[in-house]
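1. sequence and predicted structure are below.
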Amino acid sequence: GQQVMQIPQYQHVQEGEDFTTYCNSSTTLSNIQWYKQRPGGHPVFLIQLVKSGEVKKQKRLTFQFGEAKKNSSLHITATQTTDVGTYFCAGQAAGNKLTFGGGTRVLVKP
Amino acid sequence: GAVVSQHPSWVICKSGTSVKIECRSLDFQATTMFWYRQFPKQSLMLMATSNEGSKATYEQGVEKDKFLINHASLTLSTLTVTSAHPEDSSFYICSARPVAGGRSEQYFGPGTRLTVT
């Protein structure tokens, strides 16, 4: 079945620095979605990418969908303590369901 | 907008009893709701897809007779964990996909933490 892998599993970042988390699917996707889960909370929808090569920005967050629609990345600039949490990508192929990656747990050092 | 509630937020039950968890979309209608299970520091594992007015679709390895799902309306789905055992202790999260506009993003409820003693 479809698998979605995310790297790195953990990301320790100095406040103010940039980092990127990567997401790779075993199959071509119709869309990819990103979610953020704060410690003790539930996943919150961030964004959806649909088009090949699509790039979307949300303030300090830049999301990219690969040309082959099998990979994606999330780049955060000037990391802040509010960025702490786990970022999940979730790929949707044919059908209804999303397959979640393992998540990147982000810890910010002040 | 796009708020999903879950009740209860946490529950402790004795082994062998059943627990019902409700998932409601408060300000939108959802033909499809999803039930996930999440162990500490792990990802979300889809258990089943709940379709309004029809039987749920269970993922491989999920016992449909143990995890009963009912999706009676466009705003409510329930998950009943029957004959719960300690290994069923987990964080159960539902999500709902809005009907309108062919949207595919999901909105998650706050989760239910189940502890079986």
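-> Sure thing, it's come through. Predicted model only: the values in this text are computed from it and were never measured. Numbers count the residues shown, from 1 in each chain, chains lettered A, B, ... in the order given.
2. count of residues packed around the nearest residue to residue B:107 once chain neighbours are set aside?
-> Counting by Cβ to Cβ, 6 or more residues apart in numbering or on different chains, residue B:107 lies nearest to residue B:2, which is 4.4 Å off, once chain neighbours are set aside. Backbone N, C-alpha and C define where each C-beta goes, glycine included. For residue B:2, the neighbour count with other Cβ atoms under 10 Å in any protein chain shown is 17.
3. wait, residue B:2 touches residue B:30, no?
-> No - shown here, residue B:2 and residue B:30 do not form a contact pair, counting by Cβ atoms under 8 Å, at 9.8 Å.
4. residues of chain B that sit close to chain A?
-> When proximity is defined as Cβ under 8 Å from any Cβ of the partner chain, chain B approaches chain A at B:2, B:32, B:34, B:41-46, B:49, B:60, B:93, B:95, B:97, B:104-111.
5. in ChimeraX, how would I select just the buried ones from the residues you listed?
-> Remark: buried members of the residues of chain B next to chain A, expressed as a ChimeraX selection using 16 or more other Cβ atoms under 10 Å in any protein chain shown:
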select /B:2,32,34,43,44,45,46,49,93,95,97,104,105,106,107,108,109,110,111
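6. tell me which of the residues of chain B next to chain A fall in strands.
-> Among the residues of chain B next to chain A, DSSP state E puts B:32, B:34, B:44-46, B:49, B:93, B:95, B:97, B:107-108 in strands.
7. so where's chain A uncertain?
-> The model of chain A has pLDDT under 70 over residues A:96.
8. give me the pLDDT for the closest residue to residue B:25 other than its chain neighbours.
-> Closest residue to residue B:25 apart from its sequence neighbours, by Cβ to Cβ, 6+ apart: residue B:96 at 4.3 Å. pLDDT, residue B:96: 92.
9. overlap in contacts, residue B:2 and residue B:30.
-> Common contact partners of residue B:2 and residue B:30 (Cβ atoms under 8 Å, 6 or more residues apart in numbering or on different chains): residue B:98.
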